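Participant: here's my sequence, what's the structure:
(one chain, ligands or ions: 1)
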Amino acid sequence: MGRAPRAPRPRFRPTIAPENAMDEIAAPLRQLIEELKRLPGIGQKSAERIAFHLLRADRERSQALAQAVLAMRDGLRLCRVCQNISGTEVCGFCANPRRNRALLCIVEQPRDVWAVEKTRQFDGLYHVLHGALSPVEGIGPEQIRLPSLLERLRETNAGGGPVVEEIIIATDPDAEGEATAAYLAQLLKPLTPRVSRIGMGVPVGGELDYADEVTVSQALRSRRTL
Ligand SMILES: [Zn+2]
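Facilitator: Below is the predicted model:
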């Protein structure tokens, strides 16, 4: 009882030019892959893997993902006090009575808050600038959240809350971050007993949120008074 002879395997003959390879893929799938590719760190291969994974998974998975993305867009705002992203008018940090109100850390972006938090070295409050000064790009003090910082300090100093004893400037150690730190130091020194700059643990020219926890820890510990 011999096996039926196998049909000859069809020879692979590429007939579609690589640049047109996506043309024959169903449009909704192609659209999803294109959208995924816009995300940081996602290339063609990863985008395809995610799209096909979602295609295989239950419809509920896709629905949960789509809803989570939209809920994040629509449900978040900036904290009235520190300008960090928040689901409520005042964020979790500002509302937490256990945070040390005498310490204030100034960062460029909300993701930098996470970088500092992960070190577990800091229990104070934050202020998020949403940028750094850049004369080349036309970004001046009014374009970043500097006025709200000054107003916040003026209110605190006027007796509205415990006085800030130290402000740690944790802007990125690149040209814009350093220029912003120098500018802030001049503005803030008359308002606060100590203004400090994070140490050199974060590589020069680097970004705070790309540094690992140990490096950010070191940078915080080795801060110097300006
Ligand atoms: Zn806040």
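
Participant: any stretches of this structure with poor pLDDT?
Facilitator: Judged by pLDDT under 70, the chain has its weakly predicted residues at 1-5, 8, 10-23, 160-162, 200-206, 210.

Participant: now do the same for the closest residue to Thr225 other than its chain neighbours: helix, strand or coil?
Facilitator: The shortest distance from Thr225 to any non-neighbouring residue, by Cβ to Cβ, 6 or more residues apart in numbering, is to Ser196 (5.1 Å). For the C-beta atoms, the positions are set from N, CA and C on the backbone; glycine is no exception. Here Ser196 is recorded as strand under DSSP: H, G, I helix; E, B strand; the rest coil.

Participant: contacts only, for Ser196.
Facilitator: By Cβ atoms under 8 Å, 6 or more residues apart in numbering, the contact list for Ser196 reads Glu166, Ile167, Ile168, Ile169, Arg223, Arg224, Thr225, Leu226.

Participant: please name the bridge partners of the third one.
Facilitator: On the basis of DSSP bridges, Ile168 takes part in beta bridges with Cys105, Ser196.

Participant: where do the domain boundaries of the protein fall?
Facilitator: The chain is divided into the following domains under automatic domain parsing: 22-75, 98-225.

Participant: the longest one: how far from the chain's middle?
Facilitator: In this case it means domain 98-225. Chain-centre distance of domain 98-225: 15 Å, with Cα atoms, centre = their mean, to the nearest Å.

Participant: now do the same end-to-end measure for that domain.
Facilitator: End-to-end distance for domain 98-225, by Cα to Cα, to the nearest Å: 25 Å.
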